[in-house]
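S.K.: Just to be clear, the model below is a prediction. Sequence and coordinates:
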Amino acid sequence: GGAGGRWGLRAAAPAEKGAVLLSVPFGACLACRREGPKLRGGDWGAGPWRWASEGEAVPGLPWDLRLALGLVDLSERQATQAASGAGAGAGAGAEAGGTEDAGAFLGDYLRHWAPPVEELMLPFCLEEAELREFQHGALEEGALEQQRRLAGTFPELMPGPDGALPQPPPLAQGQPPTLAPAPGGWWAAPGGPGPLQAGLALVRSRAFEQGGGSFAYVPFLDMANHSEDPSADYMTTREGNFVLFCRRDLAEGEAVTISYGAHTNQRMMAQYGFVPVGGNPHDRLDLLTDLHFGGGFRGFPLERVQAAVGDVPFLLALEGRDPRLTAAMKSLPLLAEEEGQAPGEAGQAAVERERQWGEAQRDLARALQQRCLKELGSCPTSLEEDLALQEGGAAPLPSPGVEAALLYRIERKRLILRSAEVLGALASA
């Protein structure tokens, strides 16, 4: 789940730093090699493996799609009695899995413990109208292109033009009734994403590296939420387990979190379906890229940025205690100290060169500030209007997808504004 989401892990009992909170055997996971065919895991039973088999026949199909097709197959299996005890292993020190038919276990897990499709906020799971609510063309086009690729590869697993979801595949001849597909798998929600979108969303947001060039969907571990200051981490063992352990002491009921990595908001949204609230020090503003300079000038010396923003704010940004300022500064074209000096000259020529050098920096700052302000002016809504919607306007938001888009564009506009402020200070320095 996303940070602060409804799904997550909490310590069932007090635990000390280094203690094992959860152990999941490889046999309870569904894994896929980055290169080469074959899904692998424990005793997955006789099938059906319709979609995974079809995926193996597609040349060059990437590992994440092959793993997603395996999850689609597992989600179609008929429910068993295993689900009633599926969550018992999620406490401190417990071991998950261990059923006779790992495929039936994981199929039940998908139905009972995977997030409902309406909570899958990865952009390629959303409708086009919801994508426009992000007010970010690059994110929208990336999601639409992903949808087009999925529809071109497996149209049977994508919603039709009318939004209708595909029917579950028919039983193969002689297929045992105990393996009959559950109607619609776990994605049965009219107007929602199709089976392949749902499966790929789980893989993109919840797969873990297993080693040996493999990635795995790991039950229970996949529920760990993200934090910039995580309370736990995971590793794989020689005995063949994913192990979740404490990075510090935990109290009973405390959230068990891991780090999803140092990613920009665009990457966080595209891969995990949420953005950190309150600023992300790893974010970058794409408006300040693809720059072309003349006269040997390539960017701003770091000491000039420090003088423009002030010593204390600069220090807070370096320490990550002002994440938006950190992101705004890192979005700038910065120079190392030795690069930030005008070419060595003597006398009046040196004075003139230094003046030209400073004016070039101010001109660039003004141009980039205008680029930021132009982007804000092109948005259909202002930051003030977005904040009013977030605080509860006259009407509720029409869908969770629109709510996720609202949070994304608020964070993006706040970063644009903070960048414009820094650039304004540089233009006046």
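M.R.: Cool, the structure landed.
S.K.: C-alpha only now, for contacts and for neighbours.
M.R.: OK.
S.K.: For burial, what's the neighbour tally of residue 378?
M.R.: Here the neighbour count serves as a burial measure; for residue 378 (other Cα atoms under 10 Å) it reads 10.
S.K.: Next, the residue nearest the centre of the chain: phi, psi?
M.R.: Compute the mean C-alpha point of the chain, and by Cα atoms, centre = their mean the closest residue is residue 272, 2.5 Å away. Per-residue torsions, residue 272: phi -120, psi -10 (degrees, to the nearest 10).
S.K.: Let me see the contact set for the nearest residue to residue 304 once chain neighbours are set aside.
M.R.: By the measure of Cα to Cα, 6 or more residues apart in numbering, the closest residue to residue 304 outside its immediate chain neighbours is residue 426, 7.6 Å from it. Residue 426 is in contact with 304, 305, 308, 361, 362, 365, counting by Cα atoms under 8 Å, 6 or more residues apart in numbering.
S.K.: If you average the pLDDT over whichever helix in the chain runs longest, what comes out?
M.R.: For the chain, the longest helix by residue count, based on DSSP state H, is helix 347-378. Averaged over helix 347-378, pLDDT sits at 86.
S.K.: same thing with stretch 386-397?
M.R.: Taken as a whole, stretch 386-397 carries a mean pLDDT of 82.
S.K.: Residue 361 versus the residue nearest to residue 304, what's the distance?
M.R.: 8 Å (Cα to Cα, to the nearest Å).
S.K.: Pretty sure residue 70 sits against residue 48.
M.R.: No. If you go by Cα atoms under 8 Å, residue 70 and residue 48 don't touch, sitting 9.9 Å apart.
S.K.: low pLDDT regions in the stretch 201-350 of the chain?
M.R.: Applying pLDDT under 70 to the stretch 201-350 of the chain flags residues 289-297, 336-347.
S.K.: now the helices for it?
M.R.: Assigned by DSSP state H, counting those that start in this stretch, the stretch 201-350 of the chain shows helices spanning 265-272, 302-309, 311-318, 323-331, 347-378.
S.K.: And the fourth one, what does it pack against?
M.R.: Secondary-structure packing of helix 323-331 (3 or more Cα pairs under 8 Å, 6 or more residues apart in numbering; DSSP states H and E): helix 311-318, helix 400-428.
S.K.: Export those to TSV and append columns for distance to residue 218.
M.R.: Output for the helices and strands packed on helix 323-331, formatted as TSV (distance: least, Cα to Cα, whole Å):
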stretch	distance to residue 218
helix 311-318	36
helix 400-428	25
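S.K.: Out of those helices, the one nearest residue 256 is which?
M.R.: Nearest to residue 256 among these is helix 400-428 (23.2 Å), distances taken as Cα to Cα.
S.K.: list the buried ones in stretch 382-389?
M.R.: Neighbour-count burial for stretch 382-389 flags 383, 386, 389 (criterion: 16 or more other Cα atoms under 10 Å).
S.K.: Remind me which helix or strand the second one belongs to.
M.R.: When elements are defined using DSSP states H and E, residue 386 is found to belong to helix 383-390.
S.K.: what does that helix contact?
M.R.: For helix 383-390, using Cα under 8 Å, 6+ apart, the contacting residues are 397, 406, 407, 410, 413, 414.
S.K.: In contact with the first one: list those residues for me.
M.R.: By Cα under 8 Å, 6+ apart, the contact list for residue 397 reads 389, 403.
S.K.: rerun that using 7 Å as the cut-off
M.R.: Residues near residue 397 by Cα atoms under 7 Å, 6 or more residues apart in numbering: residue 403.
S.K.: Just read off the phi/psi values of it.
M.R.: Per-residue torsions, residue 397: phi -70, psi 140 (degrees, to the nearest 10).
S.K.: Same check on residue 263?
M.R.: Backbone dihedrals for residue 263, given as degrees, to the nearest 10, come out at phi -120, psi 160.
S.K.: if I look at it, how far off is residue 28?
M.R.: On the measure of Cα to Cα, residue 263 and residue 28 end up 29 Å apart.
S.K.: Of these two, give the one with the bigger neighbour count.
M.R.: Residue environment comparison for residue 263 versus residue 28 gives the larger neighbour count to residue 28, 25 against 16, counting by other Cα under 10 Å.
S.K.: wouldn't the more buried one be in contact with residue 102 here?
M.R.: Yes. Under the contact definition of Cα atoms under 7 Å, residue 28 touches residue 102, with a separation of 5.7 Å.
S.K.: how about the strands in this protein?
M.R.: Secondary structure of the chain by DSSP state E: the strands cover 9-10, 20-25, 30-33, 39-41, 94-95, 207-211, 214-217, 225-226, 232-236, 241-246, 255-258, 300-301, 334-335.
S.K.: Give me whichever of the ones you listed is most buried.
M.R.: Using mean count of other Cα atoms under 10 Å, the stretch among those with the greatest mean number of neighbours is strand 30-33 (a mean of 26).
S.K.: and the closest residue in space to residue 234 that isn't next to it in sequence, what does it touch?
M.R.: Across the structure, with Cα to Cα, 6+ apart as the measure, the residue nearest residue 234 apart from its sequence neighbours is residue 244 (4.3 Å). Residues in contact with residue 244 (Cα under 7 Å, 6+ apart) are 20, 21, 22, 23, 232, 233, 234, 235.
S.K.: residues making contact with stretch 325-335?
M.R.: If you take Cα under 7 Å, 6+ apart as the criterion, stretch 325-335 is touched by 280-285, 288, 299-302, 317-318, 320, 415, 418-419.
S.K.: Quick check: buried residues in it?
M.R.: Of all the residues in stretch 325-335, those buried under the rule 16+ other Cα under 10 Å are 325, 326, 327, 328, 329, 330, 331, 332, 334, 335.
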